[in-house]
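Novice: one predicted model, sequence on top.
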Amino acid sequence: MRVKLTKVGHRFGDGPWLFRDLNLVLHPGHTYALTGPSGSGKSSLLSLIAGWSAPFTGTIERSTQGRISWVFQNPHGIPRRSALEHVMLPFLARGHSLVVARREAGVLLDRFALGSTADREFRALSGGEAQRLMLACGLAARPQLLLIDEPTAQLDMATGAEVNKAIAELVEPGSVVVVATHDEYTREACTDQIDLRLYHPSFSASPNSAPPTAGV
Ligand SMILES: Nc1ncnc2c1ncn2[C@@H]1O[C@H](COP(=O)(O)OP(=O)(O)OP(=O)(O)O)[C@@H](O)[C@H]1O
C-alpha cells in the first residue's frame, strides 16, 4: 500500500493547529519514524493515516483497501492464553487451518526471538517479550499498513533495545510501517523519519535548512 498525504492539516474543533501543509508519500518497504514533542499530534496523525478520522484540511489517499494493524503502547493480551495462541489467532481469523496457523505463528515467534516463550502464558511474559509479541501479532495479520504507537515508552533501555531490534527487522516489501516515537533508538531503527515539528505552524525554515518535503 502507498499512502499519499496532500496539504494535510489537523486541529480539533477551533483548537490550535497541530500541523499544517503536510505533503508526504509513504512507500511500501519503508519504516517511518514519526517524531515530535508530546502533544504535537503523532497519535492523531496515525489515526488519520489509518482512516479512523478525517483530516481537518487536505486529503489522504491509500492506494489499496489493504489490511491495517495497530500496535499500541501498552501490550494487551489474554492473560492465560499462550504467546503462540496470540499469534495464531490472526491466521485462524483469516480462515487458515490449525496446522497452518501453528506453523506460521511459530515462524513469526522465532523471527522476534520469542520461540522459547511459545507455550508461556501472556501474563508470564516480560514487558519486552509482550511488546515483541504485539509486533508479531501485528505482522500475523499480514497488514499492508502497520501503525505502532510509542512501542518503547513503558520499557527500560535494555528491553527497549530488544523491541527496537525487532522494529529494524519489520520491513516487508509490500507494507508501510509508521512508528510514533520519542525514542531516538527507535528512530534509528527506522528507514525514514517524519519530524512533525517541521509542520507546526510556528516552524519557520531558516534560509539554509532543507524544505520540509521529506518523503515526497
Ligand atoms: N479527540 C480529541 N479532541 C480534542 N483534542 C484532542 C483529541 N485527541 C487529541 N487531542 C489533543 O491533540 C493534541 C495532540 O495529541 P496527540 O495524542 O496526537 O499527540 P502526541 O504527539 O501523540 O502526544 P504524546 O507524545 O504525548 O503521546 C493534544 O493536545 C491532545 O490533547
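Specialist: Yep, it's here. Numbers count the residues shown, from 1 in each chain.

Novice: so the closest residue in space to Val100 that isn't next to it in sequence: helix, strand or coil?
Specialist: Nearest residue to Val100 in three dimensions, chain neighbours excluded: Phe91, at 6.5 Å (C-beta to C-beta, 6 or more residues apart in numbering). Where you see a C-beta, it was placed from the backbone N, CA and C, and this is true even at glycine. Per DSSP: H, G, I helix; E, B strand; the rest coil, the local secondary structure of Phe91 is helix.

Novice: Phe91: what's it in contact with?
Specialist: Taking C-beta atoms under 8 Å, 6 or more residues apart in numbering, we find Phe91 in contact with Val100, Ala101, Glu104, Ala105, Ala140.

Novice: and the pLDDT for Gly66?
Specialist: We have a pLDDT of 87 for Gly66.

Novice: pretty sure it contacts Leu145?
Specialist: Yes. In this structure Gly66 lies within contact range of Leu145 using C-beta atoms under 8 Å: 6.5 Å.

Novice: neighbour count for the two, which is higher?
Specialist: Leu145 (23 against 15; other C-beta atoms under 10 Å).

Novice: check contacts around the more buried one.
Specialist: Met1, Val3, Ile49, Ala50, Arg62, Gly66, Arg67, Ile68, Ser69, Ser175, Val176, Val178.

Novice: if I look at the nearest residue to the second one once chain neighbours are set aside, how far off is His96?
Specialist: This means Val3. Spatial nearest neighbour of Val3, excluding adjacent residues (C-beta to C-beta, 6+ apart): Leu26 at 4.1 Å. For Leu26, the distance to His96 equals 28 Å [C-beta to C-beta, to the nearest Å].

Novice: who's more crowded, the two?
Specialist: It is Leu26, of Leu26 and His96, that has more neighbours when counted by other C-beta under 10 Å, with 22 against 16.

Novice: return the residues in contact with the more buried one.
Specialist: Arg2, Val3, Lys4, Leu5, Tyr32, Ile49, Val176, Val178, Gly215.
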